[in-house]
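Novice: could you look at this predicted model? Sequence included:
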Amino acid sequence: MTRASEILPKGSWEGAPADTVTLDYDSRFRRRIAMTADGGLAFLLDLAEATELRDGDGLRLDDGRIVAVRAAAEPVTDILCRDAHHLVRVAWHLGNRHLPTQILPDRLRIRQDHVIEDMARGLGATVERLEAPFDPEGGAYGKGRTHDHEHSHGHGHHHGHHHRGGNDH
């Protein structure tokens, strides 16, 4: 089976891809898995470590062909704010909950979550549910994923920081 063992970051490769693989957010954090691309091309993704596949990345196959990665449309919520200050304030609250968040030019995008949507409304934001690709920011050090609050704090992981005040987590 043809292998893909190299990720080419978005913008670092040119030309038409041999095929495209369309994956939702959960399916884009991989190390090793057999995949079938949208056009039927079968290959083995075989990376040295689990890696975030981003929308627009290319997977270089052993024979030099490229398979383009596309973020699939999935249930997301766009959070619209009055101005830049309001957007930063809402973003701070999302970050305080370790919530994967996509930062768009005029809005924030999260996975649908009625509790977080209610919080955003309570902060004065407008909430719009839709189906769209979800490609959130990576980890704080430029590599890896952020994890939602329930995942990060439920497995004995220590963050090395302290929360002040009446935190609800």
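Specialist: Looks like it arrived, so ask away. Numbering: from 1, shown residues only.
Novice: and stretch 5-20, end to end?
Specialist: With CA to CA, to the nearest Å as the measure, the first residue of stretch 5-20 is 16 Å from its last.
Novice: try stretch 89-107
Specialist: Stretch 89-107: ends 12 Å apart by CA to CA.
Novice: buried set for it?
Specialist: Buried residues in stretch 89-107, counted by 16 or more other CB atoms under 10 Å: 90, 91, 94, 97, 98, 99, 100, 101, 102, 107. The C-beta positions use only the backbone N, C-alpha and C, and glycine is treated the same way.
Novice: burial measure for residue 134, as a count.
Specialist: Neighbour count of residue 134, defined by other CB atoms under 10 Å: 24.
Novice: circling back: got the buried residues of stretch 89-107 as a markdown table, with secondary structure columns?
Specialist: Formatted as a markdown table, those follow (DSSP: H, G, I helix; E, B strand; the rest coil):
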| residue | secondary structure |
| --- | --- |
| 90 | helix |
| 91 | helix |
| 94 | helix |
| 97 | coil |
| 98 | coil |
| 99 | coil |
| 100 | coil |
| 101 | coil |
| 102 | strand |
| 107 | strand |
